[in-house]
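Novice: Sharing a model prediction with you, sequence too.
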Amino acid sequence: MAQPLSPSSQDASNPQQRVVITNKHGEELVGLLHPVGSNNIVVLCHGFTASKNSSVIADLADALTKQGTSIFCFDFSGNGESGGEFQYGNYRKEADDLHSVVSYLHQKKYDVKAIVGHSKGGDVVVLYASMYHDVNMVVNLSGRFYLEKGIEERLGKGFIDRINKEGYIEVTKFLVKKKSGKILYRVTKESLMERLNTDMHATSLSISKECSIFTVHGSADEIVPVEDAYEFAKHIPTHKLCVIKGANHCYTAHRKELSNAVVDFIISNKAGDTSLPKDE
């Protein structure tokens, strides 16, 4: 069902609609539809512990709508306004959430031209391409190839022993004034193993040759090493890569370069042009 936003939150030239979609688990996924009079639409997917309102997603939505492409962005289950419980892993479930969104848009007669994901969302859209075959353009922004890496930075040393002993790990944010920790989320053994068992190498090899994959990555990414981007390029035959020099994980000082790369890829492919952005 689609629910119009309140007038105060709408731009008269580009009204937004609040949309609620039920996933296959019966949970509500809350999204925003940015229609611009075209049935061509791009779905934007947020990263870990983020939401549809993240600045990366908002900037990309603005850039694409200015080029005449409708946009849909939403919160994965357990995130933002959507229902369900937050989970540390959940890669396949989030791919299923995305499929519920794509199916809804197809029912509404939209032509889903591309799915775009940032960070963890980048892994989700690549995984989606290996699981489903209803979108032939995928944009991976700073996704991680080696999912077994980056865990210790979040969970601390000895995380395997700790989770085997306790069954879960609580990730906290230290509050200096209160001299205590605020629990951000709980990592269960099941969710950790789901991440460790998600093989992006096997995923990359199983993507259809009819699906074009475009990875954008910052050379100065402090969260996911740029080397991961080269691994996607190495294993996906239809892959194109754009490395933005000096950009960090969230492209803080390079949003224009990011938006230009994504828009150029999507627009040129819609026009049937096979010349794609090169490394910057």
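Specialist: In hand now; what should we look at?
Novice: now the strands for the stretch 101-250 of the chain?
Specialist: Using DSSP state E, counting those that start in this stretch, the strands found in the stretch 101-250 of the chain span residues 111-118, 137-141, 168-175, 180-188, 212-218, 239-244.
Novice: need the contact list for the residue positioned nearest the centre of the chain.
Specialist: Against the mean C-alpha coordinate of the chain, by CA atoms, centre = their mean, the closest residue is Gly121 at 2.1 Å. Gly121 sits next to Cys45, His46, Gly47, Ala50, Glu94, Leu141, Gly143 when contact means CB atoms under 8 Å, 6 or more residues apart in numbering. Where you see a C-beta, it was placed from the backbone N, CA and C, and this is true even at glycine.
Novice: Try it again at 10 Å.
Specialist: If you count contacts by CB atoms under 10 Å, 6 or more residues apart in numbering, Gly121 has them with 44-48, 50, 54, 56-57, 76, 94, 98, 115, 139-143.
Novice: same question, Ala63
Specialist: When contacts are taken as CB under 10 Å, 6+ apart, Ala63 is in contact with Thr69, Ile71, Arg255, Lys256, Leu258, Ser259, Asn260, Val262, Val263, Ile266.
Novice: for Glu227, same thing?
Specialist: Phe145, Tyr146, His217, Asp221.
Novice: Ok, Gly156 next?
Specialist: Remark: with contacts taken as CB under 10 Å, 6+ apart, Gly156 is in contact with Arg162, Ile169, Val171.
Novice: And for Tyr132, the neighbour number?
Specialist: 17 (other CB atoms under 10 Å).
Novice: returning to what we had before: can you count the residues close to the nearest residue to the residue nearest to the centre of the chain once chain neighbours are set aside?
Specialist: Closest residue to Gly121 in three dimensions, ignoring its sequence neighbours and counting by CB to CB, 6 or more residues apart in numbering: Cys45, at 3.6 Å. Each residue near Cys45 was counted by other CB under 10 Å, and the total is 31.
Novice: do Val125 as well
Specialist: Val125 is surrounded by 27 other residues when neighbours are defined as other CB under 10 Å.
Novice: right, and it touches Val112 too?
Specialist: No: under the criterion of CB atoms under 10 Å, Val125 is not in contact with Val112, lying 11.7 Å apart.
Novice: anything in contact with each of those two?
Specialist: Residues touching both Val125 and Val112 comprise Val43, Val135, Met137, with contact defined as CB under 10 Å, 6+ apart.
Novice: can those residues go into a markdown table with extra columns for distance to Gly150 and neighbour count?
Specialist: Putting those into a markdown table (distance: CB to CB, whole Å; neighbours: other CB atoms under 10 Å) gives the following:
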| residue | distance to Gly150 | neighbour count |
| --- | --- | --- |
| Val43 | 25 | 24 |
| Val135 | 27 | 21 |
| Met137 | 27 | 20 |
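Novice: can you tell me which of those residues lies nearest to Tyr185?
Specialist: Ranked by distance to Tyr185 (CB to CB), the shared contacts of Val125 and Val112 are led by Val43 at 24.7 Å.
Novice: ok, the closest one - contacts?
Specialist: Residues 31, 70-74, 98, 101-102, 105, 110, 112-117, 125, 128, 135 are the ones in contact with Val43 under the rule CB under 10 Å, 6+ apart.
Novice: what do you get if the cut-off is 6 Å, keeping everything else the same?
Specialist: Phe72, Ile115 (CB atoms under 6 Å, 6 or more residues apart in numbering).
Novice: Quickly list what it is bridged to.
Specialist: Taking DSSP bridges, one obtains Phe72, Ile115 as the residues bridged to Val43.
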